[in-house]
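Asks: I would like the atomic coordinates for the input below:
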Amino acid sequence: MAVEPSSSSPGLLKLEEQLTCTEVHSLMQKVADPEKVACDNCSSANATRCCRDCSKFLCKKCIAMHKQWTEFANHKIVSLDEVASAPSEILSKKKAEANLTCLVPSHDEPLKYFCETCDESICRDCAILTHRDHKYNLIADIYAKHCKALERSLNPVKGKIEALNEAMATIEGFEAEVRERGEAVVGEIHNMVEEIIDTVRQSERKLIEQAQMVTDAKLKVLSGQKKSAESSLSLLNDVKDYVEQSLKTGTPQQVLTSKKPIIGRIKEVAAQIRVEELLPIEKNDLTLMKGVKIDSDIGYITYSALQCCRGKSGW
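Replies: Residues are numbered from 1 along each chain as shown. Now for the predicted structure:
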């Protein structure tokens with residue numbers, strides 16, 4: 001299957017585009033069977049070698065002549081096995097040689113002239129037959145002129161290349177600035193977050209200390225109330241135990257004799273102890289305010305957090 005020329009570079013075929021799968025396959029078949037390879041020089045004998053420099057298949061007789069010709073003296077003659085290892089290279093060279101010959105089969109002449117009317121290379125027969133009234137010159141004479149024209153045609157391309165290079169430089173400059181600024185912002189964010197964390201940690205320590213102070217104060221009051229209640233309870237238990245023991249072990253005479261002072265002592269103790277006064281005067285009013293969010297302003301966080309540990313009675 002032939003490969004189409006690249007649309008981005010019309011007229012300029014890549015090496016792969018100059019070759020076809022069929023041509024390579026055909027060449028490989030010939031190399032595998034030397035009797036099918038005709039000598040490019042005499043066309044009558046079977047070729048046994050190939051000139052890598054001019055891509056000609058040669059028979060033994062023509063190889064000797066080839067080496068004697070001055071213009072081919074330094075050419076490298078290789079075996080058909082080497083041709084088999086790189087068929088694309090041989091075919092591309094043969095195609096390049098074919099491109100220097102007129103494409104009209106009946107002409108078989110080298111392309112020596114350039115028709116300016118048709119803007120194409122032609123052979124001697126073309127100049128006489130199909131380009132007779134056209135303006136044409138020898139390629140060697142007009143080559144310099146057309147080279148300059150080709151160079152001038154590149155001016156818009158060169159201008160765009162220069163402009164694109166400048167644009168690329170500008171883009172790369174902006175990329176560097178954006179990347180540098182982005183890294184700087186990331187560093188600033190890191191430092192800011194570290195400061196916020198430090199501030200929150202400091203506030204945490206202060207709030208914990210204040211909450212502990214409130215807790216200790218309340219526990220101290222409750223501890224005193226507990227001791228008073230324990231003392232009163234001990235006194236009441238002593239009275240109860242004494243009366244119960246007297247009833248168990250005392251004689252009727254003893255119980256009745258001590259009845260009046262015992263009842264007096266019971267009334268005295270009962271009047272002395274007021275249970276309602278022994279109830280806790282501290283309330284379980286330590287609370288944490290709800291709805292504080294970590295993404296709020298750090299000042300508000302600190303203020304709100306300080307309010308969280310305030311008891312309803314204030315401190």
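Asks: For the chain, which residues score under the pLDDT cut-off?
Replies: Screening the chain residue by residue with the criterion pLDDT under 70, one finds the ranges 1-36, 43-45, 54-55, 67-73, 81-99, 285-315.
Asks: Break it down into its domains, please.
Replies: Each structural domain of the chain that the record assigns through automatic domain parsing is listed here as a residue range: 1-99, 162-308.
Asks: Val255 and Leu247, how far apart?
Replies: To Leu247, Val255 is 7 Å away according to Cβ to Cβ, to the nearest Å. In short, each C-beta sits where N, CA and C put it, glycine included.
Asks: Which residue of the two possesses the greater neighbour count?
Replies: Neighbours per residue (other Cβ atoms under 10 Å) separate Val255 from Leu247, with Val255 holding more: 14 against 10.
Asks: That one contacts Gln245, doesn't it?
Replies: No. Counting by Cβ atoms under 8 Å, Val255 does not reach Gln245; the two are 11.0 Å apart.
Asks: Cys115 reaches Asp133, doesn't it?
Replies: No. Judged on Cβ under 8 Å, Cys115 makes no contact with Asp133 at a distance of 10.6 Å.
Asks: Compare these two and say which is more crowded by neighbours.
Replies: Neighbours were tallied for Cys115 and for Asp133 using other Cβ under 10 Å; the higher tally belongs to Cys115 (17 against 6).
Asks: Give me the phi and psi for His75.
Replies: Note on His75: backbone dihedrals following degrees, to the nearest 10 are phi -70, psi 150.
Asks: That one - how many residues pack around it?
Replies: By the measure other Cβ under 10 Å, the count of residues near His75 is 15.
Asks: do Ala47 as well
Replies: Residues contacting Ala47 under the criterion other Cβ under 10 Å number 26.
Asks: Please apply the same query to Asn155.
Replies: If you count neighbours by other Cβ under 10 Å, Asn155 ends up with 9.
Asks: Am I right that Gly187 is in a strand?
Replies: No. With DSSP: H, G, I helix; E, B strand; the rest coil as the criterion, Gly187 is located in helix rather than a strand.
Asks: what's near enough to touch it?
Replies: With Cβ atoms under 8 Å, 6 or more residues apart in numbering as the criterion, no residue contacts Gly187.
Asks: where's it relative to Glu177, distance?
Replies: Separation of Gly187 from Glu177 (Cβ to Cβ): 16 Å.
Asks: again with Glu116
Replies: Distance, Glu116 to Glu177, by Cβ to Cβ: 53 Å.
Asks: In terms of neighbours, single out the busier of those two.
Replies: Per other Cβ under 10 Å, whichever of Glu116 and Glu177 has more neighbours is Glu116, with 15 against 10.
Asks: mind listing what the more buried one touches?
Replies: Listed by Cβ under 8 Å, 6+ apart, the contact set of Glu116 reads His134, Lys135, Tyr136, Asn137, Ile142.
Asks: now do 6 Å
Replies: Shown here is Glu116, whose contacts under the criterion Cβ atoms under 6 Å, 6 or more residues apart in numbering are Lys135.
Asks: anything in contact with each of Cys115 and Asp133?
Replies: Counting by Cβ under 6 Å, 6+ apart, Cys115 and Asp133 have no contacts in common.
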